[in-house]
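[1] the sequence and its predicted three-dimensional model are supplied below.
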Amino acid sequence: MVTLTGREARGEATGRASGKPPSVRGLVLGELRPGRRAGVALAVAVVAMTALPLAAPYLTRAFVDEALAGAGTGRLGLLAVWFLAVAVAGQAARLVTAWLASGLAWDAGNRVRERLTRHALGLDMGYHGRRTPGEMIERVDGDVAALTDFAVAFLLDVVAGVLLLFGMLAVVVTIDPRLGAVLLAYCLLLGYGMVRAQRRTVPSGSRSREASAVLYGHMEERLAAAEDIRANGAGEHTVRSFHRVSSAWYRAERRDAFVGTGVIAGTSVAFAAGTALMLALAAWFASSGALSVGTAVLLLQYTLMVRTPFERLIGRLREYQDALAGAARIGGLLAERPRVTAPPAPVPLPENGPLGVEFQGVGFRYPDEDGSGERVLSDVTFALAPGETLGLVGRTGAGKTTIGRLVLRHYDPVAGSVRVGGADLRDTDPAELHRRLCVVTQDVQILPGSVRDNLTLFRPVSDDAPLAAALTAAGLGEWLERLPRGLDTELAGGQRAGLSAGQAQLLALARAFLARPGVVVLDEASSRLDPATERLVEDGVDRLLAGRTGILIAHRLSSLARVDKVAVVAGGRVVEFGSREELAADPGSRFAGMLRQAEVAW
Ligand SMILES: Nc1ncnc2c1ncn2[C@@H]1O[C@H](COP(=O)(O)OP(=O)(O)OP(=O)(O)O)[C@@H](O)[C@H]1O
């Protein structure tokens with residue numbers, strides 16, 4: 001069961017919450033907060049990584065000044081060895097910082113992924129119906145990776161870079177305040193230029209990521225439908241649409257790269273100008289005797305060293321925009337609230353036995369972003385007594401599946417009420433409802449795992465007898481006996497997983513038997529089975545519906561032989577409802593007309 005955090009659980013039932021999306025800091029840096037020990041280790045590593053490069057120019061200064069003063073080779077060699085040791089130690093500190101930061105970021109990323117996954121699983125079909133699997137993967141994985149990559153880079157390059165710049169400024173100010181003031185002005189100008197540049201690069205970066213999410217969503221959908229696309233010769237159209245979506249992504253990516261390259265080129269010119277200025281000033285001060293030659297070399301080295309942290313900062317700004325865009329999208333996902341929620345005091349459903357189902361003046365439209373979707377059901381009214389079975393018939397798109405979804409409370413109606421077991425579904429707890437109601441869909445999904453896992457959907461069970469009984473009741477008893485490892489036999493994942501279409505449907509029936517529901521919604525498979533398998537499936541359905549309330553979304557009129565009541569659905573309305581036998585016997589009824597047209601008799 002999905003558990004929501006307190007904040008999530010208090011969310012409104014009206015969809016998107018009004019509050020601001022959580023910030024990057026709130027999302028990742030909050031999660032990233034290291035423990036005391038890891039924090040101290042990280043701080044020491046960052047300080048070492050910053051201080052050691054600052055020390056190196058001092059050694060160069062000593063080397064130059066002492067060489068000019070005629071120091072011996074031994075002394076100069078020693079200074080060179082110290083220089084090498086400081087350089088190696090600086091790199092080692094950087095490695096240790098990267099190692100510590102990556103470990104922390106990885107843990108933090110996984111915590112955010114877990115939180116997002118839980119949250120997404122808690123959202124209802126109103127949300128998931130509007131999103132592709134590819135989009136969800138990009139949100140839960142791609143955006144989180146961008147955030148955690150940025151968090152590591154922030155520590156390595158932004159924090160360490162800023163510390164290094166401040167250290168350099170402090171050293172130069174102590175050598176000569178005038179040169180310090182020039183270096184400060186130069187850094188401020190560069191900083192200002194970078195902030196301006198960032199404003200230009202943020203929108204192009206986020207457009208590029210959006211386009212990439214659309215591309216992945218598109219690919220995911222088309223790959224899932226590969227069999228149908230090939231069989232129906234829709235390959236050319238698919239390739240064309242892929243070309244369109246990937247071209248949009250290419251354009252967004254190219255523009256992003258162009259903006260980024262422009263920023264880097266501009267910064268290179270600024271660095272060259274700054275270095276030339278400092279070189280001229282240092283040479284002038286040295287020639288006037290205000291500085292030693294070694295100190296002039298030290299200043300030049302510091303000026304050259306400004307380049308690396310600034311370039312890294314620019315690089316990180318590009319990740320920062322990705323991270324910001326990702327954080328905004330993650331924040332948007334976290335701000336989504338399930339529309340179908342449990343009331344504070346849910347009305348319990350009867351524990352056992354079949355449940356009555358009643359639609360009273362039900363109107364419905366699928367939720368979309370702006371709530372302007374078309375009505376797909378209007379004034380739907382019918383009642384089923386406990387244990388009765390209803391067949392829903394009508395043309396494609398009439399609204400049959402939607403009626404089934406409302407019984408399962410995948411959505412709440414926008415008008416009227418749906419009652420199950422006497423309770424208005426809005427007053428019930430969705431989790432309890434899903435224990436008492438069961439759906440068998442057209443496209444049976446087999447999950448990678450054993451036959452047992454596929455029956456229990458990974459819930460641990462202590463006794464295999466009910467599983468075998470459910471398979472036998474569904475008509476898969478002999479199949480189970482032939483399996484080499486019985487219930488432990490592994491099935492590959494996917495729509496069929498090596499099972500025939502009929503076997504997959506029987507497995508779905510077995511899942512329903514195991515759940516012992518009070519209401520079964522059956523979306524009859526529209527694909528044809530061979531007559532023997534079809535007979536097996538029909539027998540299984542008959543056994544499943546016996547003693548239960550059933551709603552059969554019928555794609556073949558012949559399947560209706562087993563139902564008590566029939567509802568003819570057209571244009572989102574129930575245009576005829578009554579006893580199957582009476583409607584079939586009434587030559588003036590729509591149902592009798594449909595039977596005549598399809599030449600069905602029973
Ligand atoms: N998730 C959805 N989001 C938006 N509109 C939807 C969604 N599912 C169905 N619809 C629309 O609702 C209307 C009714 O669809 P529904 O699937 O209930 O019809 P149906 O009678 O079950 O059709 P079929 O026999 O083809 O399954 C159609 O116009 C359909 O386009």
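    Received it, and whenever you're ready, just let me know what you need.
[2] which bits of the stretch 351-500 of the chain sit near the ligand?
    366, 376, 394, 396, 397, 398, 399, 400, 401, 402 (CB under 6 Å from any ligand atom). Quick note: C-beta positions are derived from backbone N, CA and C, even for glycine.
[3] tell me the one of these nearest residue 460?
    Checking these against residue 460 with CB to CB, the nearest one is residue 401 at 32.6 Å.
[4] the closest one: which element?
    Taking DSSP states H and E as the definition, residue 401 sits inside helix 400-407.
[5] show me the strands in the stretch 501-602 of the chain, by range?
    Taking DSSP state E, counting those that start in this stretch, the strands of the stretch 501-602 of the chain run over residues 519-523, 549-553, 565-570, 573-579.
[6] what does the helix holding residue 401 rub up against?
    Applying CB atoms under 8 Å, 6 or more residues apart in numbering, the contact partners of helix 400-407 are 125, 357, 359, 362, 364, 366, 376-377, 380, 392-394, 411-413, 418, 420, 425, 437, 439, 519, 521, 523, 551, 553, 567, 569, 572.
[7] partners of the helix or strand where residue 390 lies in the sheet?
    Using DSSP H and E, residue 390 sits within strand 389-393. Partner strands and pairing direction for strand 389-393 (DSSP bridges) are strand 549-553 (parallel), strand 565-570 (parallel).
[8] ranking the ones you listed by mean neighbour count, which comes first?
    strand 549-553 (a mean of 26; mean count of other CB atoms under 10 Å).
[9] in what helix or strand does residue 217 lie?
    helix 177-224.
[10] average model confidence for the following helix or strand past that helix?
    The helix or strand immediately downstream of helix 177-224 is helix 226-231, counting by DSSP H and E. Averaging pLDDT along helix 226-231 gives 89.
[11] swap in stretch 103-116?
    pLDDT averaged over stretch 103-116 gives 85.
[12] next: stretch 195-207.
    In this model, stretch 195-207 has an average pLDDT of 77.
[13] contacts for it?
    252, 255-256, 259-260, 263, 266-267, 314, 317-318, 320-322, 324-325, 328.
[14] are any of those buried, and if so which?
    252, 256, 259-260, 263, 267, 314, 317-318, 320-322, 324-325 (16 or more other CB atoms under 10 Å).
[15] and the residue of the stretch 201-350 of the chain found nearest the ligand, what element?
    Nearest residue of the stretch 201-350 of the chain to the ligand (CB to the nearest ligand atom) works out as residue 339 at 13.4 Å. Assessed by DSSP H and E, residue 339 sits outside every helix and strand.
[16] what's the farthest-apart pair in the residues of the stretch 351-500 of the chain next to the ligand?
    366 and 394 (17.6 Å).
[17] give me the phi and psi for the closest residue to the ligand within the stretch 1-150 of the chain.
    Nearest residue of the stretch 1-150 of the chain to the ligand, counting by CB to the nearest ligand atom: residue 129, 3.8 Å away. Per-residue torsions, residue 129: phi -60, psi -20 (degrees, to the nearest 10).
[18] now it: how far from residue 122?
    15 Å (CB to CB, to the nearest Å).
[19] please identify which of these two sits among more neighbours.
    Applying other CB atoms under 10 Å to residue 129 and residue 122 shows that residue 122 carries more neighbours, namely 20 against 13.
[20] that older thread, I'd guessed the residue of the stretch 201-350 of the chain closest to the ligand sits against residue 410; true?
    No: with contact defined as CB atoms under 8 Å, residue 339 does not count as touching residue 410 (10.2 Å).
[21] overlap in contacts of the two?
    124, 126.
[22] which bits of the stretch 51-200 of the chain sit near the ligand?
    So far as CB under 6 Å from any ligand atom goes, the stretch 51-200 of the chain lies against the ligand at residue 129.
[23] and the helices in the stretch 51-200 of the chain?
    73-122, 125-128, 133-137, 143-153, 160-175, 177-224 (DSSP state H, counting those that start in this stretch).
[24] show residues contacting the fifth one.
    Contacting residues not belonging to helix 160-175 are listed as 46-47, 49-51, 53-54, 94, 97, 179-181, 183-184, 187, 291, 295, 298-299, 302, 305-306, 308-310, 312-313 [CB under 8 Å, 6+ apart].
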